[in-house]
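Undergrad: Quick one, structure for this:
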Amino acid sequence: MVWNPGQLLFGGRYIIARKLGEGGIGITYLAKNERDELRVIKTLREEILNHSTWKPHQTKLKQDFRDEAIRLAVCRHPHIVQIENIFDEGNLPCMVMEYIAGEDLGSRLRRMGVLSEAEALLYIRQIGDALKVIHTKGLLHRDIKPRNIMLRAGKSEAVLIDFGIAREFIPNVIQRHTVYRTPGFAPPEQYELEAPRGEYIDVYALAATLYSLITGVIPRNADDRQCRNTPLETPKHFNPNISDTVNQAIMRGMDLQPNLRPQSVQEWLNLLDANLAEVLPTQVITLYSSPLIPSVVTSQKWQCVRTLRGHSSMVLAVAISSNGQLLASGSNDNTIKLWQLETGKPLRTLGRWFSGHSNIVHAVALSPDGQLLASGSWDETIKLWQVTTGKQIRTLTSHGNWINSVAFSPITSKPSVQEEETYVGEFPLFGKVTVGQGLILASGGADSTIKLWQVSTGIEISTFIGHSDSVWSVAFSPDGQFLASGSADSTIKLWHVNTGREIRTFTGHSFFVNSVAFSPDGQFLASGSADSTIKLWHVSTGQEIRTFTGHCDAVWSVAFSPNGNLLASGSWDKTIKIWQISTGSEICTLSGHSNYVRSVAFSPDGQSIVSGSDDDTIKIWRSYS
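TA: I've put the predicted structure just below:
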């Protein structure tokens with residue numbers, strides 16, 4: 001029996017939209033829950049349960065299916081598909097999972113032919129982090145391969161799916177597991193009914209997946225290698241551009257002898273980072289000797305003075321009011337919270353009950369006077385809120401896709417038609433634009449556009465088109481006349497706010513640009529990227545001044561200190577780093593978060609840094625001599 005569109009399940013809590021697909025024993029459907037959110041419902045094929053071959057094992061099939069759902073439900077991680085519900089519909093067990101819009105890595109590989117090393121490593125590290133959670137729960141996934149890794153649409157985020165053959169394990173104890181394998185990705189011990197089990201089983205498959213992504217070739221299967229003594233070609237054999245570090249890590253991870261492989265995922269991931277500079281080459285350019293260069297900070301230390309808990313899921317965005325009194329945070333729990341920065345006291349939650357966002361709040365911004373808050377969400381809307389009352393003022397729509405970034409213009413004015421404009425080459429001089437009244441909000445979306453909105457009316461003023469992929473970050477110059485945007489197309493663009501003209505494109509990053517920020521004097525632009533680096537650019541010339549290296553995972557947020565001397569960066573390596581702008585040197589690393597750092601912000605006095613993390617917390621760091 002196949003469920004038809006419109007069919008209600010679980011007492012009307014879910015409604016079937018359409019069938020997605022079916023495998024050997026399972027079938028999946030696209031459905032909507034009571035909040036009209038898309039979900040995937042997986043169940044067993046009834047004809048399999050009733051087949052003469054399988055009927056004697058019907059009870060075990062159902063129990064194994066429920067066990068898969070329960071195993072998956074306890075593994076909570078942003079890169080693991082999440083379970084919403086488990087129930088029985090008639091005689092069929094069902095599990096309800098989040099719907100991941102996008103494509104699997106196998107499809108992306110077929111479309112691209114081969115992935116760059118930087119892109120492949122980003123996904124592999126994410127899945128590696130997910131596997132560490134799975135292993136701490138005493139489980140092995142046993143079926144890691146490109147087809148079982150989904151990529152969220154327009155996002156640099158990989159999600160591990162399909163726990164159908166996941167099994168419990170006791171490290172290095174001989175256990176009996178069903179023989180199941182995907183040739184090329186399964187280690188030799190997975191071909192045996194009884195064998196010692198350990199994390200090294202998933203290490204082999206993760207290394208094989210990386211092999212496939214950067215070569216476009218499925219590795220030779222373990223059975224051929226072991227029984228026919230056929231050697232495994234190195235990844236470099238197919239792609240000479242692969243770094244020696246990654247080449248060697250893959251070969252170590254795919255050793256036929258389990259005891260010669262890294263014994264944990266973390267141990268194998270460390271091999272990938274053994275020579276990070278080789279994977280991410282950098283060019284260091286000496287800063288100009290000019291009065292523009294910030295002074296050197298000789299000594300500064302930071303410590304975490306407060307951890308704020310209140311969100312029930314990942315904290316994706318933080319913002320501080322211009323008077324330094326208020327902190328705003330946006331979360332995966334669909335809410336915005338307001339806090340007192342000095343004390344960490346929670347003041348208000350925006351978006352509760354029926355007035356808020358219906359999906360992740362990915363961006364927050366406070367107006368220059370601190371009276372308004374803008375929030376951008378993956379529910380494809382931007383909402384404006386009155387800070388003092390928490391009242392929602394209006395909802396802005398037209399991107400038609402996820403909102404990744406929002407920013408208020410720094411002055412309560414809107415550029416009007418210019419009567420006179422002065423250019424140096426292609427770059428208009430600062431301070432030559434006449435302005436009219438009105439606050440502007442800029443938004444960047446997964447539709448690859450930037451939109452400008454008149455805050456007082458909610459009217460869309462203009463749309464900037466030029467990026468070829470999702471816009472992850474937008475930032476106004478200090479005088480409000482220019483806008484910078486960072487995109488998944490690996491570029492930064494500079495726009496003239498008044499005319500919508502694209503002034504120039506900054507290129508140099510090898511992967512998604514996640515964050516952009518202007519220096520307080522407007523002379524420099526910083527960009528943070530999924531290639532694990534931060535770049536500093538001269539705004540008026542477009543020249544890359546230097547590259548900051550030190551993070552070992554994607555840089556998700558960058559922020560200048562108010563005096564322009566320092567730069568803070570938040571990374572998926574779970575740290576915040578403080579950098580000296582004038583020298584490019586790393587001053588210190590702030591550790592304390594237990595998961596990705598998504599957002600960082602300096603307080604107006606430069607004495608505090610706030611960070612938001614996937615560990616569901618916000619941390620406040622203060623400097624001391």
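Undergrad: okay, CA-based contacts and neighbour counts for the rest of this
TA: Noted.
Undergrad: what residues are up against the most centrally placed residue in the chain?
TA: Central residue of the chain (Cα atoms, centre = their mean): residue 157, 4.8 Å from the mean position. Applying Cα atoms under 8 Å, 6 or more residues apart in numbering to residue 157 gives the contacts 79, 123, 126, 151.
Undergrad: Before we go further, the third one is sitting in a helix, right?
TA: What it means is residue 126. Yes - judged by DSSP: H, G, I helix; E, B strand; the rest coil, residue 126 forms part of a helix.
Undergrad: what residues are up against it?
TA: The contact partners of residue 126, by Cα under 8 Å, 6+ apart, come to 79, 157-158.
Undergrad: Cross those against strands and list the overlap.
TA: Using DSSP state E, the members of the contacts of residue 126 that fall in strands are residue 158.
Undergrad: wait, which of the contacts of residue 126 is closest to residue 560?
TA: Lowest distance from residue 560 to those (Cα to Cα) belongs to residue 157, with 26.1 Å.
Undergrad: What pLDDT is listed against that closest one?
TA: pLDDT for residue 157: 88.
Undergrad: and the gap between it and residue 81?
TA: For residue 157, the distance to residue 81 equals 12 Å [Cα to Cα, to the nearest Å].
Undergrad: what's the answer for residue 245, then?
TA: From residue 245 to residue 81 the distance is 30 Å (Cα to Cα).
Undergrad: Name the residue in these two with the higher neighbour count.
TA: A side-by-side neighbour count of residue 245 and residue 81, using other Cα atoms under 10 Å, places residue 81 first with 24 against 16.
Undergrad: Correct me if wrong: that one contacts residue 158.
TA: No - look at residue 81 against residue 158 with Cα atoms under 8 Å: they stay out of range, at 9.7 Å.
Undergrad: now the residue lying closest to residue 125 once chain neighbours are set aside, what's its secondary structure?
TA: Closest residue in space to residue 125, ignoring its immediate chain neighbours: residue 269 at 7.1 Å, by Cα to Cα, 6 or more residues apart in numbering. At residue 269 the chain is in helix, as set by three-state DSSP.
Undergrad: check contacts around the residue lying closest to residue 487 once chain neighbours are set aside.
TA: Sequence neighbours aside, residue 471 is the residue nearest to residue 487 in space, at 4.3 Å (criterion: Cα to Cα, 6+ apart). Residue 471 sits next to 404-405, 444-450, 485-488 when contact means Cα under 8 Å, 6+ apart.
Undergrad: Try it again at 7 Å.
TA: Residue 471 is in contact with 404, 444-446, 448-449, 485-488, counting by Cα atoms under 7 Å, 6 or more residues apart in numbering.
Undergrad: now do residue 406
TA: 363-365, 376, 441-444, 474.
Undergrad: separation between it and residue 450?
TA: Per Cα to Cα, residue 406 is found 10 Å from residue 450.
Undergrad: Kindly report the same for residue 248.
TA: Applying Cα to Cα, the value for residue 248 to residue 450 is 42 Å.
Undergrad: try residue 76
TA: 33 Å.
Undergrad: picking that back up, now do the shared contacts for residue 406 and residue 450.
TA: 442-444.
Undergrad: ok, now how distant is residue 152 from residue 582?
TA: Relative to residue 582, residue 152 is positioned 38 Å away (Cα to Cα).
Undergrad: quick revisit: and the pLDDT for the residue nearest to residue 125?
TA: 93.
Undergrad: Is there a neighbour count for it? I'd like the number.
TA: By other Cα under 10 Å, 21 other residues sit near residue 269.
Undergrad: picking up where we left off before, among the shared contacts of residue 406 and residue 450, which one has the most neighbours?
TA: Neighbour max across the shared contacts of residue 406 and residue 450 (other Cα under 10 Å) = residue 444, 30 neighbours.
Undergrad: Ignoring the adjacent residues along the chain, who's closest to that one?
TA: residue 450 (4.6 Å).
Undergrad: partners of whichever strand or helix holds that neighbour in the sheet?
TA: Applying DSSP states H and E as the criterion places residue 450 in strand 449-454. Paired strands of strand 449-454, with direction, are strand 440-445 (antiparallel), strand 459-465 (antiparallel) (DSSP bridges).
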